[in-house]
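>>> Mind looking at a prediction? Sequence and model below.
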Amino acid sequence: MAPHRITVIGTGYLGATHAAAMAELGFEVLGLDISPEKIALLERGETPMYEPGLDELLRQHVAGFPGSSGRLRFTTSYAEVGEFGDVHFICVNTPQRHGEYACDMSYVDSAVDSLAPHLTRPALVVGKSTVPVGSAERLAARLAELAPVGADAELAWNPEFLREGFAVKDTLRPDRIVVGVRSERAEQLLREVYATPLAEGSPFVVTDFPTAELVKTSANSFLATKISFINAMAEVCEAADGDVVKLAEAIGHDDRIGKKFLRAGIGFGGGCLPKDIRAFMARAGELGASEALTFLREVDSINMRRRAQMVELTREALGGTLLGTRIGVLGATFKPDSDDVRDSPALNVAGQLHLQGAQVSVYDPKGMDNARALFPTLRYAPSVAEAVRGAEVVLHLTEWREFQELDPAALGEVVAVRRILDGRNTLDPAAWRKGDWSFRALGRPTA
């Protein structure tokens with residue numbers, strides 16, 4: 001039997017990574033996007049975002065590259081996708097709806113509606129997008145109704161767990177593969193698709209539709225809760241003169257708690273955590289289980305408060321007013337090794353300072369173009385030295401390695417006042433103080 005041919009619908013962050021990884025695993029892959037610009041970019045072996053290792057992986061497989069396997073092609077035609085594929089992955093975006101917490105399903109719905117009429121032989125359609133629980137049930141019925149092949153166009157749900165900055169590794173060697181299926185055929189097909197990671201020991205968890213849909217949002221809710229927990233402890237440390245970094249280290253030695261995601265700072269952001277926990281609250285309300293998730297509102301609120309606290313800490317450091325002050329900001333992305341500025345706490349803080357009358361200069365190793373598009377009124381500097389030139393305070397807001405390796409003495413030569421505020425708790429206070437800097441970190445009033 002010929003190996004399965006795979007299509008990937010939606011070639012954004014998730015889709016581009018998934019398509020390249022499937023080609024790497026040995027499959028013939030056809031990626032579809034409704035944006036011809038995005039397709040042209042991918043055909044040149046380039047991605048619309050920065051993700052370590054992804055461009056290289058693409059070029060190993062995109063047809064037309066010297067030395068490439070040629071297993072990966074792209075199209076804007078649903079007819080071609082329907083004709084080509086045995087397994088179709090839906091990887092489109094599910095953003096937050098404008099003006100509400102709920103998630104916008106229009107891209108997923110439209111992908112199913114556009115693909116189904118072209119399914120003339122048995123096929124498996126696999127949802128990877130993060131959707132409200134209950135969506136798969138509805139989409140499975142829609143698929144069977146619109147596909148010429150009827151119930152032989154089957155649906156499965158296979159949530160993605162990509163971490164930005166580690167997406168290639170997370171796709172090729174996932175820490176678990178979760179599949180929500182309704183038949184042995186669907187399960188078997190997915191076991192064949194993921195045969196390589198399964199042989200390398202990735203756990204395979206088989207569930208029903210609702211459980212598979214809940215896995216991603218509940219995982220993100222847990223991680224968000226863990227971050228907000230340590231940030232709540234940081235608020236207590238501020239009031240009690242404690243040190244949240246030492247506190248996190250001490251409780252992190254308990255393996256039931258663990259060290260990961262216990263770094264206090266200006267909180268979480270990005271395209272997933274904030275949107276996912278809000279959509280989860282909205283969906284629980286629709287299901288009549290809103291009380292189960294009321295704690296997530298507090299998790300969200302602690303997280304958003306961190307940004308305001310960073311602004312206040314800056315105002316305090318500058319003697320009570322921001323008006324007319326000069327501030328250098330290190331970092332614009334929501335996390336290092338990414339160019340993603342969606343709901344970025346760093347950019348949000350920089351923006352608030354600017355709106356309150358400060359002259360703010362921002363530098364980020366990868367996120368400058370995206371930041372400029374989102375917040376054009378900030379000043380963007382081409383280097384750390386330029387961002388902090390003449391600054392009365394420097395804010396460290398995204399924990400890029402480049403910032404951890406800065407030389408405090410050299411930087412001290414270009415600022416107006418040697419004063420740094422660490423919003424990520426990853427700089428070494430001793431090294432900065434040795435360079436005659438006044439140093440202050442969130443949740444560590446005395447460190």
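Ah, there it is.
>>> can you pull the contacts of the nearest residue to V193 once chain neighbours are set aside?
Sequence neighbours aside, V87 is the residue nearest to V193 in space, at 6.0 Å (criterion: CB to CB, 6 or more residues apart in numbering). (Each C-beta comes from the backbone N, C-alpha and C, glycine too.) By CB atoms under 8 Å, 6 or more residues apart in numbering, the residues touching V87 are 4-7, 123-124, 126, 189, 193.
>>> likewise R440?
313, 317, 420-422 are the contacts of R440 under CB under 8 Å, 6+ apart.
>>> can you redo these as JSON lines with neighbour count and secondary structure?
Output for the contacts of R440, formatted as JSON lines (neighbours: other CB atoms under 10 Å; DSSP: H, G, I helix; E, B strand; the rest coil):
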{"residue": "L313", "neighbour count": "21", "secondary structure": "helix"}
{"residue": "A317", "neighbour count": "19", "secondary structure": "helix"}
{"residue": "I420", "neighbour count": "29", "secondary structure": "strand"}
{"residue": "L421", "neighbour count": "21", "secondary structure": "strand"}
{"residue": "D422", "neighbour count": "27", "secondary structure": "strand"}
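>>> closest to I177 among these?
D422 (38.0 Å; CB to CB).
>>> can I assume that closest one is in contact with G443?
No. The pair D422 / G443 is not scored as a contact, 9.9 Å apart, by CB atoms under 8 Å.
>>> Dump the contacts of R440 to TSV, plus pLDDT and distance to T76.
Converted to TSV, the contacts of R440 look like this (pLDDT from 0 to 100; distance: CB to CB, whole Å):
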residue	pLDDT	distance to T76
L313	97	49
A317	97	52
I420	98	49
L421	98	48
D422	98	47
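>>> Dump those residues to JSON lines, plus distance to R379.
Converted to JSON lines, these look like this (distance: CB to CB, whole Å):
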{"residue": "L313", "distance to R379": "21"}
{"residue": "A317", "distance to R379": "20"}
{"residue": "I420", "distance to R379": "19"}
{"residue": "L421", "distance to R379": "19"}
{"residue": "D422", "distance to R379": "22"}
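>>> just curious, which of those residues is nearest to E213?
D422 (38.6 Å).
>>> wait, what's in contact with the closest one?
D422 sits in contact with 396, 429, 439-442, where contact means CB under 8 Å, 6+ apart.
>>> Let's see if you can find the most crowded of these.
Comparing the contacts of D422 by number of neighbours (other CB atoms under 10 Å), H396 comes first, having 27 neighbours.
>>> For stretch 236-249, report the contacting residues that lie outside it.
230, 233-234, 259, 262-264, 309, 425, 441-447.
>>> Which of those are buried, as a ChimeraX select command?
What follows is the ChimeraX syntax selecting those of the contacts of stretch 236-249 that are buried according to 16 or more other CB atoms under 10 Å:
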select :230,233,234,262,263,264,309,425,441,442,443,444,445,447
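>>> among the contacts of stretch 236-249, which are in helices?
Residues of the contacts of stretch 236-249 located in helices (DSSP state H): 230, 233-234, 309.
>>> now these in CSV, with pLDDT and distance to K335?
Putting the ones in helices among the contacts of stretch 236-249 into CSV (pLDDT from 0 to 100; distance: CB to CB, whole Å) gives the following:
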residue, pLDDT, distance to K335
I230, 98, 16
M233, 98, 21
A234, 98, 18
Q309, 97, 19
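>>> now these in JSON lines, with distance to L146?
JSON lines is the format used below for the ones in helices among the contacts of stretch 236-249 (distance: CB to CB, whole Å):
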{"residue": "I230", "distance to L146": "47"}
{"residue": "M233", "distance to L146": "51"}
{"residue": "A234", "distance to L146": "51"}
{"residue": "Q309", "distance to L146": "51"}
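>>> Show me where the chain has its strands.
For the chain, the strands defined by DSSP state E occupy 5-9, 28-32, 72-75, 87-90, 123-127, 153-157, 177-180, 204-207, 326-330, 359-363, 379-380, 393-396, 419-422, 438-441.
>>> Which among these is found nearest to F222?
Per CB to CB, nearest to F222 of these: strand 177-180, 14.9 Å.
>>> how near is the closest residue to L262 other than its chain neighbours to I420?
In this structure, L262 finds its nearest non-sequential neighbour in A248, 4.3 Å apart by CB to CB, 6+ apart. The gap separating A248 from I420 is 21 Å, by CB to CB, to the nearest Å.
>>> Which among the strands of the chain is found nearest to E145?
Nearest to E145 among the strands of the chain is strand 153-157 (9.6 Å), distances taken as CB to CB.
>>> tell me the angle of that closest one relative to strand 123-127?
Strand 153-157 runs at 30 degrees relative to strand 123-127, counting by axes from the mean of the first three to the mean of the last three CA atoms, to 10 degrees.
>>> What residues sit buried inside strand 153-157?
Those would be 153-157, for strand 153-157 by 16+ other CB under 10 Å.
>>> For A2, report the pLDDT, please.
The model reports A2 with a pLDDT of 64.
>>> Ok, M49 next?
For M49, pLDDT reads 89.
>>> From L162, how far out is it?
With CB to CB as the criterion, M49 and L162 are 12 Å apart.
>>> Please look at V205 and G180 and confirm they touch.
No. With contacts counted by CB under 8 Å, V205 stays clear of G180, the gap being 9.5 Å.
>>> Let's see stretch 320-329 as PDB, backbone CA atoms only.
Taking Å, rounded to 0.1, in the frame of the first residue of the first chain, the C-alpha atoms of stretch 320-329 are listed here in PDB:
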ATOM      1  CA  GLY A 320       6.900  59.800  41.000                       C
ATOM      2  CA  THR A 321       6.400  61.000  37.500                       C
ATOM      3  CA  LEU A 322       6.900  59.500  34.000                       C
ATOM      4  CA  LEU A 323       6.300  62.800  32.100                       C
ATOM      5  CA  GLY A 324       9.300  63.700  30.000                       C
ATOM      6  CA  THR A 325      11.500  60.900  31.300                       C
ATOM      7  CA  ARG A 326      13.700  58.800  29.100                       C
ATOM      8  CA  ILE A 327      13.300  55.000  29.300                       C
ATOM      9  CA  GLY A 328      15.200  52.200  27.600                       C
ATOM     10  CA  VAL A 329      13.200  49.000  27.100                       C
END
